[in-house]
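Student: the sequence and its predicted three-dimensional model are supplied below.
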Amino acid sequence: MQGHKVVSHDEWIAARKVYLAEEKAFTRARDALSKKRRELPWEKVEKNYVFNTPDGKQSLADLFGDKSQLIIYHFMLGPGWEAGCPSCSLIADHFDGATIHLAQRDIAFVVVSRAPLPEIEKFKARMGWKFDWVSSFSSDFNHDYQVSLSSEEKASGKVLYNYEIIKEFPSDERPGASVFFKNPAGEVFHTYSTYGRGLDILIGAYNLIDLAPKGRDEDGLRYGMAWVRHHDRYDGAVVDTKASYQQPKSASCCD
């Protein structure tokens with residue numbers, strides 16, 4: 001940060017107004033892209049997915065509750081893991097404050113992981129989260145939505161993720177978000193899914209960090225999100241060495 005250009009107030013205002021024009025153009029472009037997202041075609045969900053929840057077994061349609069729209073966050077917590085992915089946990093730290101507002105816009109919000117429900121409940125209690133979190137254990141749901149590795153994929157070394165075949169991923173579980181709509185007849189449609197860097201918009205902390213002079217300041221790190229810890233592990237930078245999940249060696253799970 002040393003040697004950064006320092007100018008008079010009038011020069012600062014002039015530079016800021018030039019950048020403001022670019023910000024407005026970006027905002028309009030983002031609005032146009034969001035409109036195109038809403039105009040994408042839907043696919044009908046034909047498979048009967050069943051989830052283990054604190055209220056017993058529920059179908060995908062049940063997860064909507066009394067809402068017609070459902071957003072699912074695919075959280076990286078696999079069977080036998082001692083803790084969830086730190087990057088997913090950073091994203092999840094934003095959920096509890098948002099869910100009450102989503103409900104006012106006819107949106108249900110549920111987190112899904114492949115870990116058995118007792119393992120989810122244990123980690124959820126540790127982190128102090130309140131949002132709905134269910135298990136897709138023994139279901140095809142995670143694999144069908146590109147967030148869990150099948151034994152065949154693991155053997156072949158080729159994985160479908162973010163709509164393309166990649167040679168490897170540093171974990172059997174991967175992050176993502178999927179969106180669904182339920183019509184009055186009870187039919188469920190898959191409207192959208194996003195993965196990798198497409199999840200960046202969910203990280204409110206990053207949006208604030210991006211405003212600061214140093215920005216994300218991640219260039220010298222081993223990978224983009226190497227600084228991230230579970231929120232109860234920052235004091236003393238204690239790392240959960242027993243976790244089955246291993247952070248990527250060269251890239252963030254949200255690249």
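Tutor: It's in.
Student: buried residues in the lowest-mean-pLDDT helix or strand in the chain, which are they?
Tutor: Within the chain, confidence by mean pLDDT, DSSP states H and E is lowest for helix 151-156 among all helices and strands, at a mean of 78. Across helix 151-156, burial judged by 16 or more other Cβ atoms under 10 Å covers Glu153. To be clear about C-beta, it is placed using only N, CA and C from the backbone, and glycine gets the same treatment.
Student: toward the C-terminus, what is the element adjacent to it?
Tutor: Using DSSP states H and E, the helix or strand that follows helix 151-156 towards the C-terminus is strand 159-161.
Student: list the helices and strands the helix or strand following that following strand packs on?
Tutor: Counting by DSSP H and E, the element after strand 159-161 in chain order, helix or strand, is strand 164-166. With contacts taken as 3 or more Cβ pairs under 8 Å, 6 or more residues apart in numbering; DSSP states H and E, strand 164-166 sits against strand 159-161.
Student: run the chain-centre distance for the strand it packs on.
Tutor: Remark: strand 159-161 is offset 17 Å from the chain centroid, using Cα atoms, centre = their mean, to the nearest Å.
Student: before we move on, the earlier item: how far does the least confident helix or strand of the chain sit from the chain's center?
Tutor: 24 Å.
Student: any residues touching it, and which ones?
Tutor: For helix 151-156, contacts defined as Cβ atoms under 8 Å, 6 or more residues apart in numbering pick out 159-160, 172.
Student: buried subset of these?
Tutor: 159, 172.
Student: which one of the contacts of helix 151-156 is nearest Ser138?
Tutor: Within the contacts of helix 151-156, proximity to Ser138 (Cβ to Cβ) peaks at Asp172, which comes in at 15.3 Å.
Student: look up how far Ser136 lies from the closest residue to that closest one other than its chain neighbours.
Tutor: If the residues on either side of it in the chain are set aside, Asp172 comes closest to Leu149, at 4.3 Å by Cβ to Cβ, 6 or more residues apart in numbering. Relative to Ser136, Leu149 is positioned 14 Å away (Cβ to Cβ, to the nearest Å).
Student: tally of neighbours for Lys5?
Tutor: If you count neighbours by other Cβ atoms under 10 Å, Lys5 ends up with 7.
Student: by pLDDT, rank the contacts of helix 151-156 and give me the bottom one.
Tutor: Of all the contacts of helix 151-156, Val159 has the smallest pLDDT value, namely 83.
Student: quick one: Gly176 and Leu199 touch, right?
Tutor: Yes - in this structure, Gly176 is within contact of Leu199 by Cβ atoms under 8 Å, at 7.1 Å.
Student: for Val18, phi and psi?
Tutor: phi -60, psi -50 (degrees, to the nearest 10).
Student: I meant to write Asp144 there.
Tutor: Torsion angles, degrees, to the nearest 10, at Asp144: phi -60, psi -30.
Student: that one: what's it in contact with?
Tutor: Contacts of Asp144 by Cβ under 8 Å, 6+ apart are Lys47.
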